[in-house]
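Asks: Mind looking at a prediction? Sequence and model below.
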Amino acid sequence: MIRCVSLLSTRHPSLFCCHISDFASRMRLLNRLKEDDEACVSALQSGSIFLFHLLRPLVCPTEGGGLTPVRLSWTSLTSVLQRLSSDRSLLNESVLIGLSEQNQNQAQFCLDVGVLDPVAVEAECDGTFVDMRKAFFLLTGSAAPFVAKGQALLRWHQETKFCSSSGRPTQRNRAGSLRVCGSITYYPKMSPVVIVLVSDGKRCLLSRQMSFPPGLYSALAGFCDMGESLEESLRREVAEEVGLEVCRFSFSGSQHWPFPQSSFMIGCHAHVNPAHTELSVDWSELEDARWFSLEEIDHALQVQHPIRGEPQVMWFPPKHAIAHRLIREWVELQRAQSS
Ligand SMILES: NC(=O)c1ccc[n+]([C@@H]2O[C@H](COP(=O)([O-])OP(=O)(O)OC[C@H]3O[C@@H](n4cnc5c(N)ncnc54)[C@H](O)[C@@H]3O)[C@@H](O)[C@H]2O)c1
Ligand SMILES: [Mg+2]
């Protein structure tokens, strides 16, 4: 929908009144909240706040067996803090995550209440603090990326409290989108990771690391090195981990990934020459790497959850992992090519 939006004209006279979409208007408002501390404080007072305790999100069960994050209004959180005899200034630690598309651009914040007794907060707020590794795959709808972003921002603030140059405490802006020490500004950071589904035209290559749960196989992945392009990282990772040379690749999509800290996953498909498919696996990185046929992949896609005590059963990362998307795309391509 296109509509006329007055864009807080005193600060941006050139943007006084123009036709922009709801999305564009939301993005501009979000940007303004990052820059304008006063506007951010009033957005917090009418916004909703997701709670974390030492980076564990507060969640409650849904009817379908999933989890949903607990969100509180500023007023109800203020009352909770009062009942727990906590200083209201804790709210100043809230970090802006985004604006709700469904709820008229309502601002969404996250707050780590690690200084409070978690059991008391859980009782007050009807939720449970759950480890992110357990919560992430059970969070429903668009909640998973949102909660992951909140946790990543809170972690970044905890790790950037002091300037690595002067050793002095850094100061944050109201939105929590940056921290400063004198002339140095710190911004939240992510580590780029290339994740690649390699194919020889008929089969695809999957691997598992020692740390994976039994039976889980995924696409090859690796952190990009400083100074590398995406294609250089991709070629290096495939060569390092399985000793193959990629001849061409295509980009599929990307996602923020909360593990191990905050990664930016760049998902690609890659091809190797079908005449050169013999693997030379780096056993220090991988526990297994193998070529799989379409039938084997199809079969594993039917497995919804890891089956305890049956490590032989192969399964894949769940739907909201980019590895899952790459595998599904490969299956669709194989089907299209054979029909
Ligand atoms: N979203 C998905 O579908 C999906 C699927 C598979 C893997 N992943 C993620 O991809 C990430 C990278 O895969 P990998 O473990 O095979 O990487 P990798 O092959 O680069 O090996 C990991 C090693 O790289 C080194 N390293 C270099 N830069 C690093 C950095 N910035 N942060 C941490 N370690 C760094 C460390 O020594 C680490 O042990 C994993 O953390 C995993 O969570 C996501
Ligand atoms: Mg790897």
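Replies: Cool, got the structure. Ligands and ions are numbered 1, 2, ... in the order given.

Asks: Determine the longest strand present in this protein.
Replies: If you go by DSSP state E, the chain has its longest strand at strand 246-257.

Asks: Next, work out how far apart the residue of the chain positioned farthest from its centre and ligand 2 are.
Replies: Distance from the C-alpha centroid of the chain peaks at residue 275, with 37.6 Å (CA atoms, centre = their mean). The gap separating residue 275 from ligand 2 is 25 Å, by CB to the ion, to the nearest Å. (C-beta placed from N, C-alpha, C; glycine too.)

Asks: try residue 182
Replies: Distance from residue 182 to ligand 2, counting by CB to the ion: 38 Å.

Asks: mind listing what that residue touches?
Replies: Residue 182 makes contact with 163, 166, according to CB atoms under 8 Å, 6 or more residues apart in numbering.

Asks: Need phi/psi at it.
Replies: The phi/psi pair for residue 182 (degrees, to the nearest 10) reads phi 60, psi -120.

Asks: pLDDT at it, what is it?
Replies: pLDDT recorded at residue 182 is 97.

Asks: Please state the offset of stretch 23-38 from the chain centre?
Replies: On the basis of CA atoms, centre = their mean, to the nearest Å, stretch 23-38 sits 21 Å off its chain's mean C-alpha point.

Asks: per-residue confidence averaged over it?
Replies: Here the average pLDDT along stretch 23-38 is 96.

Asks: OK, contacts around residue 129?
Replies: Residue 129 touches 51, 52, 53, 54, 56, 57, 58, 59, 118, 121, 122, counting by CB under 8 Å, 6+ apart.

Asks: re earlier: which other helices and strands contact the longest strand of the chain?
Replies: The contact analysis (3 or more CB pairs under 8 Å, 6 or more residues apart in numbering; DSSP states H and E) places strand 246-257 against helix 143-159, strand 191-199, helix 230-242, strand 263-272, helix 322-338.

Asks: got the buried residues for that strand?
Replies: Within strand 246-257, the residues that count as buried by 16 or more other CB atoms under 10 Å are 246, 249, 252, 255, 257.

Asks: which residue sits closest to the last one, ignoring its sequence neighbours?
Replies: In other words, residue 257. Of all residues not flanking residue 257 in the chain, residue 263 sits nearest, at 4.4 Å (CB to CB, 6 or more residues apart in numbering).

Asks: how many other residues sit next to the one you found?
Replies: Residue 263 is flanked by 20 other residues according to other CB atoms under 10 Å.

Asks: which residues does it contact?
Replies: Counting by CB under 8 Å, 6+ apart, residue 263 makes contact with 190, 191, 192, 193, 223, 256, 257.

Asks: Of those residues - the most surrounded one?
Replies: By neighbour count, taken as other CB under 10 Å, the most surrounded of these turns out to be residue 257 (23 neighbours).

Asks: State the number of residues packed around residue 303.
Replies: The number of residues packed near residue 303 is 14, by other CB under 10 Å.

Asks: residue boundaries of the helices in the stretch 1-150 of the chain?
Replies: In the stretch 1-150 of the chain, the segments counted as helices under DSSP state H, counting those that start in this stretch are 22-35, 37-45, 74-83, 118-125, 132-135, 143-159.

Asks: Compare the ones you listed and give me the one nearest ligand 2.
Replies: Among the helices of the stretch 1-150 of the chain, helix 132-135 comes nearest to ligand 2, with 18.3 Å by CB to the ion.

Asks: re the thing from before, can you redo the helices of the stretch 1-150 of the chain as JSON lines with mean neighbour count?
Replies: Formatted as JSON lines, the helices of the stretch 1-150 of the chain follow (neighbours: other CB atoms under 10 Å):
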{"stretch": "helix 22-35", "mean neighbour count": "16"}
{"stretch": "helix 37-45", "mean neighbour count": "16"}
{"stretch": "helix 74-83", "mean neighbour count": "15"}
{"stretch": "helix 118-125", "mean neighbour count": "16"}
{"stretch": "helix 132-135", "mean neighbour count": "16"}
{"stretch": "helix 143-159", "mean neighbour count": "20"}
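
Asks: rewinding a little: return the member of the buried residues of strand 246-257 nearest to ligand 2.
Replies: Of all the buried residues of strand 246-257, residue 257 has the smallest distance to ligand 2: 13.1 Å, by CB to the ion.

Asks: Right, I'll leave it there.
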